Structure formats: C-alpha cells, structure tokens
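In: show me the folded form of this:
(one chain, ligands or ions: 1)
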Amino acid sequence: MMDMRASDGLGFMKMHGAGNDFVVIDSRGRGAVTTAALARALGDRNRGVGFDQLAEIRDSAEADFALDFWNADGSRAGACGNATRCVCDHVMRGLGRDAVTLVTARGLLRAVRRADGLVSVNMGQPQLDWREVPLAQEVDTLRLPLAGEPVAVGMGNPHCIRFVPDAEAVALAAEGPGMEHDPLFPERTNVEFASQTGPDRLRLRVWERGAGITLACGSGACATAVAANLRGLTGRQVVLEMDGGVLEVDWREDGVWLTGPVAHVFDGWLSPAYLEALA
Ligand SMILES: N[C@@H](CCC[C@H](N)C(=O)O)C(=O)O
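Out: Modelled structure (predicted):
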C-alpha cells in the first residue's frame with residue numbers, strides 16, 4: 001500500500017448493480033492503496049467485507065477519474081460494467097452532473113444518468129478477433145471448438161457464451177470452473193449461459209472469472225448481447241434477465257452501452273488493527 005498509514009484505517013463504500021456487489025475505495029487525492037493481497041482479504045465474505053469485485057477510484061489527467069478492478073480472488077480485471085455504473089453514479093452525484101468520463105484499462109469511457117434514474121456506460125466496441133479476446137489459438141470465435149460451440153467475445157475482459165435451451169437448468173457450479181480454466185483461454189474466462197425468452201430478450205446466468213457465481217455481470221451482459229446478435233438470435237438492443245435484476249444492452253455505432261440500476265448500500269471503515277494484521 002502506498003501513501004496510507006494503517007493507523008488511519010481505510011474508508012470504503014459498499015455498492016451493487018443488480019446484485020453484482022462491490023467494495024469501492026476512493027483514492028482520489030492520494031496514491032492508490034489496493035494490492036492483490038488486500039483485495040483477496042477483503043473479498044473473503046467471512047473474514048473480510050465480501051464482494052464480487054473491488055474497484056479503486058484514482059485521479060486522472062484525461063478524464064473525470066480513473067478506475068481499476070480486482071476480483072474476489074485477488075486477480076485483476078480489465079473491465080467491470082456494473083462497478084463502473086455504480087462508481088459513475090457516485091462521482092456524478094459528487095460533481096452535480098448527469099455525465100462523466102473515466103479511464104479504465106479499456107481506455108476512455110463515458111457514462112450518463114438517464115431520465116429514469118438508471119445509469120448507462122459505453123463499454124466500448126466488442127473484441128471479436130481471437131487474439132483480442134484473448135484465445136490461445138486461431139479459431140472461429142463465433143463457434144468455439146468446445147462443448148455446445150460457445151461464442152468468445154472480449155469486452156476488455158474475456159467471455160465465453162454458450163446458448164442453451166434453458167439457462168435455469170444449467171448446473172453453474174459444476175460447469176463454470178472447467179470452462180473458466182479451459183486451455184483455450186490463456187487468461188481464463190468469464191462464462192455465460194444464455195437462453196432466449198423473447199425476440200430481444202435473454203435469460204442469462206454467469207460464472208465469473210475470479211469470483212464464481214454472481215447475481216449479474218455487466219460486461220457479460222454486453223458480450224452475450226453481441227454474441228446473440230452475431231448468431232442472428234436478436235437485434236442490437238437486448239434485455240437480459242439475470243439472477244439479481246434486469247440489464248439492458250444497446251450495441252450502437254459508438255460502442256456497447258450497458259444500462260441498469262445502481263445502489264450505494266453503506267459506507268464502512270477498515271480498522272487499523274485489521275489493516276496492520278494484513279501488512
Ligand atoms: N462483474 C463484472 C465483471 C468483473 C470482472 C470479471 N470477473 C473478470 O475477471 O473479467 C461486470 O459487471 O462486468
């Protein structure tokens with residue numbers, strides 16, 4: 001940790017977007033503090049705080065702020081749509097605005113609050129080339145040589161989307177880990193099981209890389225909507241019913257827009273004794 005004395009403790013926010021839950025550390029005005037070890041410790045739902053992802057807000061010279069993501073297992077993530085939406089809501093409230101820009105590993109992103117209060121972020125263009133996902137070898141990303149011929153889509157992080165007749169019937173805990181660690185994905189992958197419930201409507205269940213089963217996944221919703229469109233199942237505007245709520249995806253000329261609810265649940269403070277024990 002940099003620029004932080006454990007004796008001061010450390011403040012954080014707990015947020016969620018459609019049940020995808022986050023610890024958010026606001027490090028604007030000081031150095032970044034998160035390490036893999038801190039993320040892993042805080043991610044423990046019994047001995048820490050518990051979250052699907054940890055997001056750390058940093059100062060940025062190019063945008064309103066910068067954002068970094070960690071999974072509950074301490075690994076880094078290049079994108080997290082729902083945490084991005086939650087943090088953008090917080091920053092927009094602080095600035096008294098309905099639009100912000102941010103920088104993530106994906107580059108410069110833009111978010112807005114809609115008139116109905118839902119928060120939308122442009123997650124950028126999907127990555128459809130096998131090298132960008134990334135995959136270990138050249139294959140057709142629209143029909144991977146794996147069980148069920150899933151689709152591979154990158155959204156700044158890797159996704160493997162399998163269309164099934166009934167997503168409810170999938171044994172996620174049994175199927176997810178094997179797909180996450182399949183050698184075709186050198187950086188592991190997030191895993192999505194989707195079934196069609198209407199013309200532009202999908203039921204989606206997710207096994208997230210580094211976090212396991214989650215109630216929703218924003219980048220997964222984007223990747224699934226793109227995959228469904230490319231497979232000819234839907235148009236470019238798709239509603240995705242996840243375990244924790246509904247997300248909307250709109251694949252426009254300027255990128256894939258993700259929209260959904262956000263909640264700032266509580267603020268907390270990590271005690272000096274807890275932080276010292278981690279040091
Ligand atoms: N919950 C996320 C995705 C988080 C990152 C993912 N587990 C990864 O390792 O890529 C979202 O809302 O996009």
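In: rest of the way, CA atoms for contacts and neighbours
Out: Noted.
In: now the helices for the protein?
Out: Under the criterion DSSP state H, helices of the chain are mapped to 36-43, 81-95, 172-180, 218-230, 272-278.
In: which one of those is the most hemmed in?
Out: helix 218-230 (a mean of 27; mean count of other Cα atoms under 10 Å).
In: ends of stretch 208-218, what's the gap?
Out: One end of stretch 208-218 to the other measures 11 Å (Cα to Cα, to the nearest Å).
In: ignore the last one, stretch 142-149
Out: Distance between the boundary residues of stretch 142-149 (Cα to Cα) amounts to 8 Å.
In: neighbouring contacts of that stretch?
Out: Contact partners of stretch 142-149, identified using Cα atoms under 8 Å, 6 or more residues apart in numbering, comprise 139, 150-152, 162-164, 227, 230-231.
In: highest neighbour count among those residues?
Out: A152 (30 neighbours; other Cα atoms under 10 Å).
In: what's across from it in the sheet?
Out: Following DSSP bridges, A152 is listed with bridge partners C160.
In: which part of the stretch 51-200 of the chain gets nearest to the ligand, residue-wise?
Out: C80 (3.3 Å; Cα to the nearest ligand atom).
In: for that residue, which non-adjacent residue is closest in space?
Out: S219 (6.0 Å; Cα to Cα, 6 or more residues apart in numbering).
In: enumerate the residues of the chain near the ligand.
Out: With Cα under 6 Å from any ligand atom as the criterion, the chain meets the ligand at residues 71, 77, 79-83, 157, 208-211, 217-220.
In: just for the protein, where's the confidence low?
Out: The chain contains residues with pLDDT under 70 at 1-6.
In: domain map for the chain?
Out: 6-123+262-278, 151-253 (automatic domain parsing).
In: so what's the residue positioned nearest the centre of the chain up against?
Out: Centroid-nearest residue in the chain: C80, 2.4 Å away (criterion: Cα atoms, centre = their mean). C80 makes contacts with 69, 217-219, as judged by Cα under 8 Å, 6+ apart.
In: now the strands for the stretch 101-250 of the chain?
Out: 107-113, 119-122, 151-154, 158-163, 190-198, 201-208, 212-214, 237-242, 245-252 (DSSP state E, counting those that start in this stretch).
In: distance to S271 added to those, as TSV?
Out: Formatted as TSV, those follow (distance: least, Cα to Cα, whole Å):
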stretch	distance to S271
strand 107-113	33
strand 119-122	32
strand 151-154	38
strand 158-163	35
strand 190-198	33
strand 201-208	29
strand 212-214	28
strand 237-242	35
strand 245-252	33
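In: if we compare the ones you listed, which one ends up closest to E56?
Out: Minimum separation from E56 across the strands of the stretch 101-250 of the chain (Cα to Cα) falls at strand 107-113, 15.7 Å.
In: for the closest one, packing partners?
Out: helix 81-95, strand 99-104, strand 119-122 (3 or more Cα pairs under 8 Å, 6 or more residues apart in numbering; DSSP states H and E).
In: go ahead and name everything in contact with stretch 220-240.
Out: Stretch 220-240 is contacted from outside by 126, 142, 151-155, 159, 161, 190-192, 194, 196, 199-204, 206, 246-252, 256-258, using Cα under 8 Å, 6+ apart.
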